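Q: Turn this into a structure:
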Amino acid sequence: MADSLRLIRDSFPDRPAFGTAVSEAILMRVAAGELGPTLRLHRPGPELAFSKQDAASPRFPAAVAAARGTGFEPVLRLAGGRAAVFHEGTLALARATPATYPARTTRERFEEVADTIAAALRGLGVDARVGEVPGEYCPGGWSVSARGEVKLAGIGQRLIAGAAHVGCVIVVSGTARLRGALAPVYEALDLDWDPRTAASIEDEVPDVGLVDAEDAILGAIADRYELEPAGLDPATLELA
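A: Here you go, the predicted structure:
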């Protein structure tokens, strides 16, 4: 019998910081044994997700101002890496699972989620591949690209005692909006990247929308797990 995952679809597009706080609250409660393994797949609003590494930069205040100048709310995300963008044409995935020694299975989680997202995108007609694209924003070895040339999804992790969080942004549409937000932020942080490497599923398969991408992703996850629809309980919302 397949392992089960609680599936939460609640979105907070008008409250980006709260949406991140919800994922952190779920992670903390999974670590404490109060919740079982939980998956969120939701639709975010316009937010510029900074990492702790970004926040440690002396250029961070300028980057925050740049984000706000393009209409994106700056948020500190759970995972590592560098600045990434969420907007109405993206999907956000967050999975929290218990782990006695989370650092020992970091690679396995990266590999599983990256392979699952790539399989979902291939099902939509994308030539999806796993691996870093030279010049990509928020570079990482587990990025999911089209043809190995343009980044479509990025994956990061956060480990705490007792649990692990895997976060992923999947860009379905809105390439120009993505590049327009990233350009001034990366300039403010003095980070090199090639805007041509940032793209969306829509660029590859024009008739694919958010619902199509959601169905494909959930279908690929359902090949590995039994998904159990759930809601956000009062204790999680209060902690968030």
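Q: Which parts of the protein are helices?
A: Under the criterion DSSP state H, the chain carries helices at the ranges 16-31, 52-55, 60-69, 106-123, 175-189, 201-204, 210-222, 234-239.
Q: Tell me the gap between the first one and the middle of its chain.
A: The chain centre lies 13 Å from the centre of helix 16-31; the measure is CA atoms, centre = their mean, to the nearest Å.
Q: Is V208 in contact with V172, as I believe?
A: Yes: shown here, V208 and V172 form a contact pair, counting by CB atoms under 8 Å, at 6.9 Å. The C-beta positions use only the backbone N, C-alpha and C, and glycine is treated the same way.
Q: Mind checking which of the two has more residues around it?
A: The neighbour comparison of V208 against V172 (other CB atoms under 10 Å) goes to V172, with 23 against 20.
Q: Pick out the residue nearest the middle of this structure.
A: When the chain is reduced to its mean C-alpha position, the closest residue under CA atoms, centre = their mean turns out to be C168, at 2.2 Å.
Q: Skip the chain neighbours and tell me the closest residue to that residue.
A: L93 (4.2 Å; CB to CB, 6 or more residues apart in numbering).
Q: What sits closest to T105 if chain neighbours are left out?
A: Counting by CB to CB, 6+ apart, the residue nearest T105 is A99, at 6.1 Å.
Q: who does the one you found bridge with?
A: Counting by DSSP bridges, A99 forms beta bridges with G162.
Q: so who does it touch?
A: T105, L159, G162, A163, A164 (CB atoms under 8 Å, 6 or more residues apart in numbering).
Q: Find the pair from those residues with maximum spatial separation.
A: Within the contacts of A99, T105 and G162 form the most distant pair, 12.9 Å apart (CB to CB).
Q: hang on, the earlier thing: can you give me the pLDDT of the residue nearest to C168?
A: L93 is assigned a pLDDT of 98 by the prediction.
Q: which residues do V208 and V172 both contact?
A: In contact with both V208 and V172: I201, E202, using CB under 8 Å, 6+ apart.
Q: if I look at the residue nearest to C168, how far off is A66?
A: To A66, L93 is 26 Å away according to CB to CB, to the nearest Å.
Q: mind checking pLDDT for the closest residue to F110 other than its chain neighbours?
A: Sequence neighbours aside, W142 is the residue nearest to F110 in space, at 4.4 Å (criterion: CB to CB, 6+ apart). What the model reports for W142 is a pLDDT of 97.
Q: try M1
A: Confidence at M1, expressed as pLDDT, is 58.
Q: I'd like to know how far the residue nearest to T105 sits from E88.
A: Noted for A99: a distance of 33 Å to E88, by CB to CB.
Q: returning to what we had before: quick one, which of the helices of the chain is nearest to Y137?
A: Y137 lies closest to helix 175-189 among these, at 5.4 Å (CB to CB).
Q: Many thanks, we can stop here.
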